[in-house]
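> Here is my input; please provide its structure:
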Amino acid sequence: MAYLINKHTNKYCFLYAHHSFGRFQYSVDTLVNDLSVSKIHTIIEWLNGKWYIRDLSLNGTWLNHKRLVKDDSEELSIGDKIYFAGNSEVTYVVKDLSAPADQLIKLDDEQSKTAETIKLNHYHLLPEQQPDSVVVFEQSSGQWLLESLHDDEFTIREVLEDHSIITLGGEQWMFISSHLEVATQMSSVPQLYISDLDFIFNLSLDEETSALKVQHHNNKDFDLHVRCHHYLTLNLARYRALDAKKGVLPANQGWVNTEQLVKDLGVDMRYLNIQIHRARKQFSEVLTNVHDAENIIERQLRKVRFAGASFMIYKGCELESASDVVRA
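Numbering: from 1, shown residues only. Okay, here's the model as predicted:
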């Protein structure tokens with residue numbers, strides 16, 4: 001995410017995709033408290049892959065000591081200096097021109113923003129080394145959510161709004177959204193659904209290694225390789241296969257209590273939650289054209305299941321089990 005630095009205060013100003021400056025406190029993104037400044041004085045905006053500045057004021061906006069032509073857009077460059085109404089006492093210096101992005105911004109001891117950021121890409125376990133929390137984008141609501149890995153109920157989910165402050169690894173971070181238009185984001189609307197996919201599990205005879213491939217007849221295969229969390233997903237598929245043999249309806253197949261999973265896998269609840277989220281994260285990142293891909297592992301209150309309806313499980317070279325709807 002692009003940012004400016006106030007030359008006088010050394011404070012960071014991170015830019016939304018359409019960012020306004022002025023003295024109308026409740027209608028601008030950055031307040032410029034000066035009577036010579038218009039209510040909405042200047043706009044900086046992201047257009048066609050570049051950042052532009054545009055003056056809307058009566059008293060003018062200056063870029064590198066040159067007054068901008070009102071309503072004309074001027075492309076920004078690193079190092080540019082911006083000030084308003086001829087008052088260079090409040091000067092902003094362009095320091096970064098990255099594309100708009102939803103981010104977490106680290107705060108210092110005085111609660112001021114720093115240049116250290118985490119760009120959010122739909123699914124994050126944080127901190128990376130010893131994760132305690134998950135930050136995930138929920139496509140259905142268009143919201144970012146914060147979840148604790150210590151909670152097995154999957155219900156304590158904090159909605160992150162602009163300037164929400166969260167604690168990660170003893171450090172404080174502020175959430176800032178990009179404010180990109182919905183129409184821009186819709187260009188990458190997923191084309192497939194979970195029900196369109198075939199899941200092929202390969203488990204070693206000693207059950208030490210698990211690999212997973214995801215297939216669709218109109219698309220390339222997705223090789224998710226060997227991962228520890230595939231063993232969790234495989235065992236959830238086993239539960240679904242057992243329910244199918246019992247005649248349980250597909251909509252109800254495979255639900256298992258998290259406490260039972262803890263016993264089956266010989267792990268504690270926190271480790272189980274990390275594996276669930278790592279699996280959901282990989283599905284979200286790899287299957288980018290699949291609607292709600294993270295919900296391949298579906299969750300309810302203290303319950304979880306594998307949502308794939310078409311799957312095969314190989315142990316060694318032998319087919320251990322398969323769903324009735326595996327496609328040729």
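
> so what strands line up beside the host helix or strand of Y92?
Y92 is located in strand 87-96, with elements delineated by DSSP states H and E. If you go by DSSP bridges, strand 87-96 pairs up with strand 3-6 (antiparallel), strand 81-84 (antiparallel).

> out of the ones you listed, nearest to H41?
Comparing the strands paired with strand 87-96 by their distance to H41 (Cβ to Cβ), the top pick is strand 81-84, with 5.5 Å. Quick note: C-beta positions are derived from backbone N, CA and C, even for glycine.

> just how off-centre is the closest one within its chain?
Relative to the centre of its chain, strand 81-84 is centred 33 Å away, using Cα atoms, centre = their mean, to the nearest Å.

> Which residues does it contact?
Strand 81-84 has contacts (Cβ atoms under 8 Å, 6 or more residues apart in numbering) with 4, 7, 21, 32, 34, 36-37, 41-42, 53, 57, 59-65, 89-94.

> out of these, which are buried?
Buried members of the contacts of strand 81-84, counted by 16 or more other Cβ atoms under 10 Å: 4, 7, 21, 32, 34, 37, 41-42, 53, 57, 59-63, 90-94.

> Narrow these to those in strands?
Those of the buried ones among the contacts of strand 81-84 mapping onto strands are L4, F21, T42, I53, T61, W62, L63, V90, T91, Y92, V93, V94, per DSSP state E.

> Looking at those residues, spot the one nearest V135.
Closest to V135, out of all of those and judged by Cβ to Cβ, is L4, at 25.5 Å.

> Pretty sure the closest one sits against L15.
Yes - L4 sits in contact with L15 when judged by Cβ atoms under 8 Å, with a separation of 7.0 Å.

> any weak-confidence spans in the stretch 201-328 of the chain?
The stretch 201-328 of the chain contains residues with pLDDT under 70 at 325-328.

> picking that back up, report the strands that pair with the helix or strand that the strand holding Y92 is followed by, each with its relative direction.
Per DSSP H and E, the first helix or strand lying C-terminal to strand 87-96 is strand 103-107. Taking DSSP bridges as the criterion, strand 103-107 pairs within the sheet with strand 113-119 (antiparallel), strand 171-176 (antiparallel).

> Can you lay out those as CSV showing mean pLDDT?
Below are the strands paired with strand 103-107 laid out as CSV (pLDDT from 0 to 100):
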stretch, mean pLDDT
strand 113-119, 96
strand 171-176, 96
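
> most neighbours per residue, which of the ones you listed?
strand 171-176 (a mean of 19; mean count of other Cβ atoms under 10 Å).

> Is N295 part of a helix or strand, or is it coil?
At N295 the chain is in helix, as set by DSSP: H, G, I helix; E, B strand; the rest coil.

> One more: A279?
With three-state DSSP as the criterion, A279 reads helix.

> Report the spatially closest residue to it, excluding sequence-adjacent ones.
H229 (4.2 Å; Cβ to Cβ, 6 or more residues apart in numbering).

> list the contacts for the one you found?
Contacts of H229 (Cβ under 8 Å, 6+ apart): Q275, I276, R278, A279, Q282.

> Low-confidence bits of the stretch 1-150 of the chain, can you list those?
Residues of the stretch 1-150 of the chain that meet the cut-off, pLDDT under 70, do not exist.

> And stretch 230-248, what's buried?
Counting neighbours by 16+ other Cβ under 10 Å, stretch 230-248 gives 230-241, 243-244 as buried.

> Name the surrounding residues that touch it.
199, 201, 203, 207, 210-212, 224, 250, 252-256, 261, 264-265, 272, 275-276, 279, 296-297, 304-306, 308, 311, 313, 321-324.

> Please repeat the previous calculation with a cut-off of 7 Å.
199, 201, 203, 210-212, 224, 253-254, 256, 264-265, 275-276, 279, 297, 304-306, 308, 311, 313, 321, 323-324 (Cβ atoms under 7 Å, 6 or more residues apart in numbering).

> same deal with stretch 152-165?
The list of residues contacting stretch 152-165 from outside it, by Cβ under 7 Å, 6+ apart, reads 143-148, 172, 174-177, 258, 269, 273, 299, 301-302.

> among these, which are in helices?
Cross-referencing the contacts of stretch 152-165 against helices under DSSP state H gives T258, M269, N273.

> Tell me what the residue lying closest to L319 once chain neighbours are set aside is bridged to.
Nearest residue to L319, sequence neighbours excluded (Cβ to Cβ, 6+ apart): M312, at 6.3 Å. Beta bridges link M312 to I200, A322, judged by DSSP bridges.

> Many thanks, have a good one.
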